[in-house]
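In: The sequence isn't on hand, but the structure is:
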């Protein structure tokens, strides 16, 4: 099978490497996609399922393989120390997709290092990250938001931020926490797979990586994702049934997310018996749920290893305009020879108040030593250091002289 060479997926941090491992198991046989994993946690890295030659344990001599304990600065330092090793591991792919969960230490602190390396080597990169559940605390969410705003927006082609709280819209309250996290990670892996397959060549519909970058170029997007599966045994319209299941997916948050999106990425993947008629019927049906002003990127892939299975994946993106404006302010330089100026503020009229030049005085009072009164005094150069300096040295207190303003 002929594919676009150089597509690489990188799992960063504990959740990212687990996602990379899932993705590696999902990849159709013969698809030439490199799957990499970087973490500071040795156990998570070794249990990820990613091939040893594609793994990097960061800062082993410093963190001893125990992770960063949720400390963002430690994650930044750990990956900063490994810049040369990371550059060698990543190489020069045509496109890099980074998957991670933000809010912890390694991924949140280290993502900026990955972005910096990609920018240096002119590698297009998209970050597909999850934001913490609300019950994980405000500090984790704030750390995730700051990492996106400060470290990624100025260099990444796009940042797709997926709030885990979308699961609350569909999951019963009695759902076990571990099941909820596992569901979020599974949906993240399947979305990474769909974006990867979307960019393969010689299929029914195959946009270029440049098309994806053009739609999402350097904008932060709050995204939702939906994945639906069906098999031929479900009937002749199994592709439409996969579309229906996608609309009910946990992390999509309802069909309204598609209608209100600024950009929509739609992908249909099936076995060798997937027909052009099914592709047209499915994508036409999907278009009915997309708003008229949305930018659309759609594709269809034929993977023989899918057999009688079909999968529909949708990524909706709602751009954060305020973050985009901040990036523009950061990137636009001042004209040559010009001096940057702060915006002029309206001058407010103030009423002159009579000056109160009375100087306040501190009340220096002799205080008892309390419970230390009968203890052995600390004597240094003949002075009792337990006494305040002003008192033991009889320092005169200068109250100053008030000069009346004219």
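Out: Received the coordinates, thanks. Keep in mind the model is a prediction, meaning the values are calculated, not measured. Numbering: from 1, shown residues only.
In: neighbours around residue 124, how many?
Out: By other Cβ atoms under 10 Å, 18 other residues sit near residue 124. For glycine as for every other residue, the C-beta is placed from the backbone atoms N, C-alpha and C.
In: if I look at it, how far off is residue 137?
Out: Per Cβ to Cβ, to the nearest Å, residue 124 is found 34 Å from residue 137.
In: Ok, residue 236 next?
Out: In this view, residue 236 and residue 137 are 49 Å apart by Cβ to Cβ.
In: neighbour count winner among the two?
Out: Ranked by neighbour count (other Cβ under 10 Å), residue 236 and residue 137 place residue 137 first, with 12 against 9.
In: Would you mind giving both backbone torsions of that one?
Out: Main-chain dihedrals, residue 137, degrees, to the nearest 10: phi 110, psi 150.
In: Buried residues, stretch 77-91. List them.
Out: Across stretch 77-91, burial judged by 16 or more other Cβ atoms under 10 Å covers 77-82, 86, 89-90.
In: how about stretch 33-50: buried residues?
Out: Neighbour-count burial for stretch 33-50, counted by 16+ other Cβ under 10 Å, picks out 33-42, 44-46, 48, 50.
In: among those residues, which are in strands?
Out: Mapping the buried residues of stretch 33-50 onto strands (DSSP state E) picks out 34-39.
In: Out of those, the closest to residue 114 would be?
Out: residue 38 (8.0 Å; Cβ to Cβ).
In: Apart from its neighbours in sequence, what residue is nearest that closest one?
Out: residue 56 (4.7 Å; Cβ to Cβ, 6 or more residues apart in numbering).
In: Could you check the angle the helix or strand residue 192 falls within makes with strand 34-39?
Out: Using DSSP states H and E, residue 192 sits in helix 177-198. Angle of helix 177-198 versus strand 34-39, following axes from the mean of the first three to the mean of the last three Cα atoms, to 10 degrees, is 140 degrees.
In: Other residues contacting helix 177-198?
Out: By Cβ atoms under 8 Å, 6 or more residues apart in numbering, the residues outside helix 177-198 that reach it are 7, 9, 15, 18-19, 22-23, 26-28, 31, 33, 97, 99, 126, 128, 130, 133, 162, 164, 167, 171, 206-207, 212, 225, 227, 249-251, 265, 267, 269, 297, 299, 301, 303, 311, 313, 315.
In: can you pull the buried residues of it?
Out: 180-181, 183-198.
In: distance between the ends of stretch 241-253?
Out: Distance between the two ends of stretch 241-253: 18 Å, counting by Cα to Cα, to the nearest Å.
In: List the contacts of it.
Out: For stretch 241-253, the surrounding residues in contact (Cβ under 8 Å, 6+ apart) are 162, 166-167, 169-171, 183-184, 187, 224-230, 234-235, 255, 258, 268, 282, 285-286, 289, 310-314, 316.
In: go again using 7 Å as the cut-off
Out: Contacting residues not belonging to stretch 241-253 are listed as 162, 166-167, 169-171, 183-184, 187, 224-230, 234, 255, 282, 285-286, 310-314 [Cβ atoms under 7 Å, 6 or more residues apart in numbering].
In: Just the ones in strands from the residues you listed, please.
Out: Using DSSP E, those in strands are 162, 224-230, 310-314.
In: need those residues in JSON lines with pLDDT, can you?
Out: As requested, these are exported to JSON lines (pLDDT from 0 to 100):
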{"residue": "162", "pLDDT": "80"}
{"residue": "224", "pLDDT": "81"}
{"residue": "225", "pLDDT": "81"}
{"residue": "226", "pLDDT": "85"}
{"residue": "227", "pLDDT": "86"}
{"residue": "228", "pLDDT": "91"}
{"residue": "229", "pLDDT": "89"}
{"residue": "230", "pLDDT": "93"}
{"residue": "310", "pLDDT": "92"}
{"residue": "311", "pLDDT": "89"}
{"residue": "312", "pLDDT": "91"}
{"residue": "313", "pLDDT": "87"}
{"residue": "314", "pLDDT": "88"}
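In: Tell me which residue lies nearest the centroid of this protein.
Out: residue 129 (4.3 Å; Cα atoms, centre = their mean).
In: For that residue, what are phi and psi?
Out: phi -130, psi 150.
In: Is it correct that it is in contact with residue 104?
Out: No: with contact defined as Cβ atoms under 7 Å, residue 129 does not reach residue 104; the gap is 11.1 Å.
In: where exactly do the strands run in this protein?
Out: Under DSSP E, the chain gives strands at 7-12, 34-39, 55-57, 95-101, 125-131, 158-163, 219-231, 263-270, 295-302, 309-319, 379-380, 383-384.
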